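Enquirer: Structure here, sequence nowhere to be found:
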């Protein structure tokens, strides 16, 4: 039996935009040991979630945010994350890598990965604080560029910044097109700073 150590929180957040529902799932320690890091875990979760031949621009596609293994540890420069989906550009696997505040804050908020599925009726963003998730309107953000998003998200309290580099990394893989389809403007998260809880 493998036990989770280090930067793992042991939890995956699954979000359904269509039904505005969330559920927390336990991360299987054997899965985490076999598919190491954000990219490894994200790719495996995508593989398990998608039926063969799914249209990349359909509610059946999923968008996965998976911070790296060393995120939330004392390792320097380790706040990294993989964003994984089926690419609307190529139809193949898309893995965009990013760094900054977002991956660490997602871990401090309590999650090793966030799986977003479905399609929202209106533009939304997710507000995540210490394991609690809220759907909030993103209509005032819709149609603005990354810099506008970053400015709005950074008005929040300490430690709740939106990483502009996340959108830049995803743009290279055409993932914002899928986010636009989902009507998902992004995430804002705040987590407790304790590594113990």
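Expert: Great, that's in hand. Every value quoted in this text rests on a predicted model; they were computed, and no experiment measured them.
Enquirer: CA only for contacts and neighbour counts going forward, please
Expert: Noted.
Enquirer: Report pLDDT for the closest residue in space to residue 86 that isn't next to it in sequence.
Expert: Distance criterion C-alpha to C-alpha, 6 or more residues apart in numbering; nearest residue to residue 86, sequence neighbours excluded, is residue 93 at 4.9 Å. The per-residue pLDDT reported for residue 93 equals 90.
Enquirer: OK, contacts around residue 39?
Expert: Taking C-alpha atoms under 8 Å, 6 or more residues apart in numbering, we find residue 39 in contact with 66, 68, 81-84, 95.
Enquirer: one more time with 10 Å
Expert: 45, 64-69, 80-84, 95-97 (C-alpha atoms under 10 Å, 6 or more residues apart in numbering).
Enquirer: Closest to residue 19 out of those residues?
Expert: Distance to residue 19, by C-alpha to C-alpha, is smallest for residue 64 among the contacts of residue 39, at 17.7 Å.
Enquirer: so which helix or strand takes in that closest one?
Expert: Using DSSP states H and E, residue 64 sits within strand 62-67.
Enquirer: quick one: average pLDDT of the helix or strand following that strand?
Expert: Scanning forward in sequence from strand 62-67 by DSSP H and E, the next helix or strand is strand 80-86. Averaging pLDDT along strand 80-86 gives 89.
Enquirer: Sheet partners, orientation included, of strand 80-86?
Expert: strand 62-67 (antiparallel), strand 93-99 (antiparallel) (DSSP bridges).
Enquirer: about what we covered before: isn't the residue nearest to residue 86 up against residue 43?
Expert: Yes: under the criterion of C-alpha atoms under 10 Å, residue 93 makes contact with residue 43 at 8.2 Å.
Enquirer: what's the overlap in contacts for the two?
Expert: Shared contacts of residue 93 and residue 43, counting by C-alpha under 10 Å, 6+ apart, come down to 84-86.
Enquirer: With distance to residue 106 added, can I get these in a markdown table?
Expert: Output for the shared contacts of residue 93 and residue 43, formatted as a markdown table (distance: C-alpha to C-alpha, whole Å):
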| residue | distance to residue 106 |
| --- | --- |
| 84 | 16 |
| 85 | 18 |
| 86 | 22 |
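Enquirer: Which among these count as buried?
Expert: For those, a burial check counting by 16 or more other C-alpha atoms under 10 Å picks out 84-86.
Enquirer: now, which of those sits nearest residue 101?
Expert: Nearest to residue 101 among these: residue 84, at 18.3 Å, using C-alpha to C-alpha.
Enquirer: can you pull the contacts of that closest one?
Expert: Counted by C-alpha under 10 Å, 6+ apart, residue 84 has contacts 38-46, 62-66, 93-97, 115, 170, 173, 175.
Enquirer: ok, 8 Å please
Expert: Going by C-alpha under 8 Å, 6+ apart, residue 84 touches 39, 42-43, 46, 63-66, 93-96.
Enquirer: still on that earlier bit, any idea which of the strands paired with strand 80-86 has the lowest pLDDT on average?
Expert: Among the strands paired with strand 80-86, strand 93-99 carries the lowest mean pLDDT, at a mean of 86.
Enquirer: could you check the angle strand 80-86 makes with the helix or strand that it is followed by?
Expert: Counting by DSSP H and E, the element after strand 93-99 in chain order, helix or strand, is helix 101-108. Angle, helix 101-108 to strand 80-86, by axes from the mean of the first three to the mean of the last three C-alpha atoms, to 10 degrees: 90 degrees.
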